[in-house]
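> Give me the fold of what follows.
(one chain, ligands or ions: 2)
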Amino acid sequence: MADPLMSVGVADVVAALLLGCFCLIWFTHVIALIYGKYKLHRPPPPAFLMKTEVPGVSILKPLTGVDPNLRSNLETFFKLDYPKFEILFCVQDNGDPVIDLLQQLMKEFPSVPCQIFVGGERVGINPKINNLMPGYGASQFPLIWVCDSGIRVSRDTLTDMAGHMTDNIGVVHQLPYVCDRKGFSSLLEKVYFGTAHARMYISANVLGILCVTGMSSLWSKKVIDDAGGLEVFSQYLAEDYFMAKAVVDRGLKASMSNQVAQQNCGTYSIRAFSSRMSRWTQLRVTMIPFLAMWEPMTECFLLGLICSWAFHHLFVWDPVTFFIFHITAWMISDYLQFRTCQMMGAASVNKFEFLIAWLLRETLTYWWFLRGATSRSIKWKTGKFRLRCGGTAEEV
Ligand SMILES: CCCCCCCC/C=C\CCCCCCCC(=O)N[C@@H](CO[C@@H]1OC[C@@H](O)[C@H](O)[C@H]1O)[C@H](O)/C=C/CCCCCCCCCCCCC
Ligand SMILES: O=c1ccn([C@@H]2O[C@H](COP(=O)(O)OP(=O)(O)O)[C@@H](O)[C@H]2O)c(=O)[nH]1
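Ligands and ions are numbered 1, 2, ... in the order given. Coordinates of the predicted model:
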């Protein structure tokens with residue numbers, strides 16, 4: 001009689017591995033849904049609110065040009081309800097109209113300590129770091145909040161972030177999300193950041209996998225200085241990942257704040273979003289190739305398609321029925337995830353519009369990945385770079 005173990009073929013092993021992947025990915029849905037519901041939009045940590053002495057924060061704002069929402073986004077920083085902070089505006093180019101705008105705002109809010117730095121300092125290839133260097137050098141406080149130009153905040157955002165900065169934490173970051181803006185392309189961004197992105201970002205952080213986006217992140221200045229200063233990270237385009245790595249390498253942790261990062265850039269389109277997604281893929285593929293190469297497998301359609309074969313092979317389940325169930329359950333889970341990310345007071349999203357935006361995002365993601373994974377030349381604002389394996393880059 002044949003040994004049953006000997007009759008296990010390659011197809012059985014592949015199908016079993018796929019079953020494992022399937023469970024793992026569905027597990028990320030469960031983690032992100034539960035943790036997102038428990039964590040997001042809660043008030044700032046109560047113990048911090050009781051403190052009489054809070055750490056001062058230097059806000060670093062890298063700026064390149066003006067968009068229709070910039071004024072109102074910047075205004076929210078002048079209205080922050082936090083006792084000790086300064087805003088250090090870093091403008092990349094001399095003659096940028098943003099300088100006039102900043103001067104107007106500084107007149108309007110004379111009690112907020114601010115400075116403007118123009119032209120940056122060339123310490124490496126990362127233009128954002130180069131731009132931030134003079135502001136970083138002038139910063140007075142032990143905490144540094146790097147906050148990109150397109151972000152707006154609530155009055156208690158800084159309290160929430162600083163409240164997460166305990167002794168064992170080196171960086172507090174916000175889950176990227178998007179404000180309500182007009183048009184379908186804005187909904188598409190919202191659907192991405194509220195579904196696939198939120199799922200991976202939250203579950204990675206819950207599982208202790210390093211996943212920090214630098215668009216709104218509060219750093220211990222001591223840790224950055226210990227690592228050699230901000231300039232050390234100017235050799236990478238994805239400075240945020242390597243700064244977070246420096247935190248972890250020093251035995252400290254990253255903490256996700258209760259509030260989401262409210263992206264509210266005034267110029268947006270499907271084309272611009274697609275380029276951004278491919279640019280980010282390029283960064284991940286060169287930085288963490290062995291993880292990033294699995295990304296398409298973590299997406300709904302491809303996972304469903306491959307696993308419908310695996311489940312048919314293992315359990316003789318009908319692949320079409322399996323695929324339909326998988327997609328429907330995924331979409332419902334994504335809709336629930338999306339609702340956990342939506343901010344209080346956000347306009348409700350019509351379920352049909354959500355469905356269209358979701359289908360488009362789920363389809364376009366393979367194209368974005370393919371474009372990102374097959375090209376090393378990267379464009380960011382006015383700069384052109386060539387990425388090297390490991391995450392460093394050269395300017396071209
Ligand atoms: C079979 C299972 C295998 C799991 C494989 C997981 C593969 C990963 C899948 C999805 C990735 C999700 C990525 C989440 C966020 C990434 C966003 C991003 O790419 N941001 C980069 C760019 O940010 C800008 O960079 C310039 C800076 O100046 C700007 O301010 C930034 O906004 C950023 O550089 C990258 C940051 C961190 C990337 C780490 C990704 C690790 C993902 C691991 C997820 C694993 C979850 C596994 C759960 C089982
Ligand atoms: O050449 C550059 C490119 C970007 N930035 C700043 O870096 C931040 C992030 O830029 P962007 O929104 O383009 O990055 P993304 O989030 O799309 O990766 C913004 O505040 C930009 O003003 C900069 O100072 N110089």
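> closest point of the stretch 51-200 of the chain to ligand 1, which residue?
The nearest approach of the stretch 51-200 of the chain to ligand 1 comes at residue 200, 3.5 Å away (Cβ to the nearest ligand atom). For every residue, glycine as well, the C-beta is placed using N, CA and C.
> For stretch 184-194, what does the pLDDT average out to?
For stretch 184-194, mean pLDDT is 97.
> In it, which residues are buried?
185-194 (16 or more other Cβ atoms under 10 Å).
> give the contact list for residue 229.
The contact partners of residue 229, taken as Cβ atoms under 8 Å, 6 or more residues apart in numbering, are residue 136.
> Local confidence estimate at it?
At residue 229, the pLDDT recorded in the model is 97.
> Which residues does the spatially closest residue to residue 118 that is not a sequence neighbour form beta bridges with?
Using Cβ to Cβ, 6 or more residues apart in numbering and skipping the chain neighbours, the partner closest in space to residue 118 is residue 91 (4.8 Å). Residue 91 has the following beta-bridge partners by DSSP bridges: residue 63, residue 118.
> isn't residue 91 right next to residue 66, touching?
No: here residue 91 lies out of contact with residue 66, judged by Cβ atoms under 8 Å, at a distance of 10.5 Å.
> Give me the helices and strands touching the helix or strand harbouring residue 329, please.
Element membership for residue 329 (DSSP states H and E) is helix 319-341. Packing contacts for helix 319-341, counted by 3 or more Cβ pairs under 8 Å, 6 or more residues apart in numbering; DSSP states H and E, involve helix 10-39, helix 184-194, helix 196-206, helix 300-315, helix 351-373.
> same thing but 10 Å
With contacts taken as 3 or more Cβ pairs under 10 Å, 6 or more residues apart in numbering; DSSP states H and E, helix 319-341 sits against helix 10-39, strand 176-178, helix 184-194, helix 196-206, helix 300-315, helix 351-373.
> can you list these in CSV and add distance to residue 224?
Formatted as CSV, the helices and strands packed on helix 319-341 follow (distance: least, Cβ to Cβ, whole Å):
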stretch, distance to residue 224
helix 10-39, 26
strand 176-178, 21
helix 184-194, 27
helix 196-206, 20
helix 300-315, 38
helix 351-373, 28
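> related to what we said a few turns ago, tilt between the helix holding residue 329 and helix 351-373?
Put simply, helix 319-341 runs at 100 degrees to helix 351-373, going by axes from the mean of the first three to the mean of the last three Cα atoms, to 10 degrees.
> Report the distance from helix 319-341 to the chain centre.
The chain centroid and the centroid of helix 319-341 are separated by 23 Å under Cα atoms, centre = their mean, to the nearest Å.
> Number of residues surrounding residue 129?
Using other Cβ atoms under 10 Å, residue 129 has 26 neighbouring residues.
> Backbone dihedrals for the residue of the stretch 251-396 of the chain found nearest ligand 2, both of them.
Closest to ligand 2 within the stretch 251-396 of the chain is residue 381: 3.8 Å, counting by Cβ to the nearest ligand atom. Note on residue 381: its backbone torsions stand at phi 50, psi -120 [degrees, to the nearest 10].
> Quick check, it in contact with residue 96.
No: between residue 381 and residue 96 there is no contact under Cβ atoms under 10 Å: 11.9 Å.
> Show me which of these two is the more surrounded one.
residue 96 (17 against 10).
> Setting the sequence-adjacent residues aside, check what's closest to that one.
Nearest to residue 96 is residue 65, by Cβ to Cβ, 6+ apart, at 6.2 Å.
> Now do the one you found against residue 279, distance only.
18 Å (Cβ to Cβ, to the nearest Å).
> between the two, which one's more packed in?
residue 279 (18 against 15).
> can you pull the pLDDT of the more buried one?
If you check residue 279, the pLDDT there is 98.
> what angle separates the helix or strand harbouring it from helix 351-373?
Taking DSSP H and E as the definition, residue 279 sits inside helix 270-287. Interaxial angle, helix 270-287 versus helix 351-373 (the same axes, to 10 degrees): 50 degrees.
> After helix 270-287, which helix or strand is next?
helix 289-292.
> buried stuff in that following helix?
Neighbour counts over helix 289-292 (16+ other Cβ under 10 Å) mark residue 292 as buried.
> Rounded mean pLDDT for that helix, please.
Taken as a whole, helix 289-292 carries a mean pLDDT of 96.
> that older thread, relative to helix 184-194, how tilted is the helix holding residue 329?
Using the same axes, to 10 degrees: helix 319-341 against helix 184-194 is 90 degrees.
> Next to ligand 2, which bits of the stretch 101-250 of the chain? Give me the list.
Contact residues (Cβ under 6 Å from any ligand atom) of the stretch 101-250 of the chain with ligand 2: 127-128, 131, 148-150, 215.
> Take the buried residues of stretch 184-194 and write them to JSON lines, including distance to residue 85.
Output for these, formatted as JSON lines (distance: Cβ to Cβ, whole Å):
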{"residue": "185", "distance to residue 85": "33"}
{"residue": "186", "distance to residue 85": "30"}
{"residue": "187", "distance to residue 85": "33"}
{"residue": "188", "distance to residue 85": "34"}
{"residue": "189", "distance to residue 85": "29"}
{"residue": "190", "distance to residue 85": "29"}
{"residue": "191", "distance to residue 85": "33"}
{"residue": "192", "distance to residue 85": "31"}
{"residue": "193", "distance to residue 85": "26"}
{"residue": "194", "distance to residue 85": "29"}
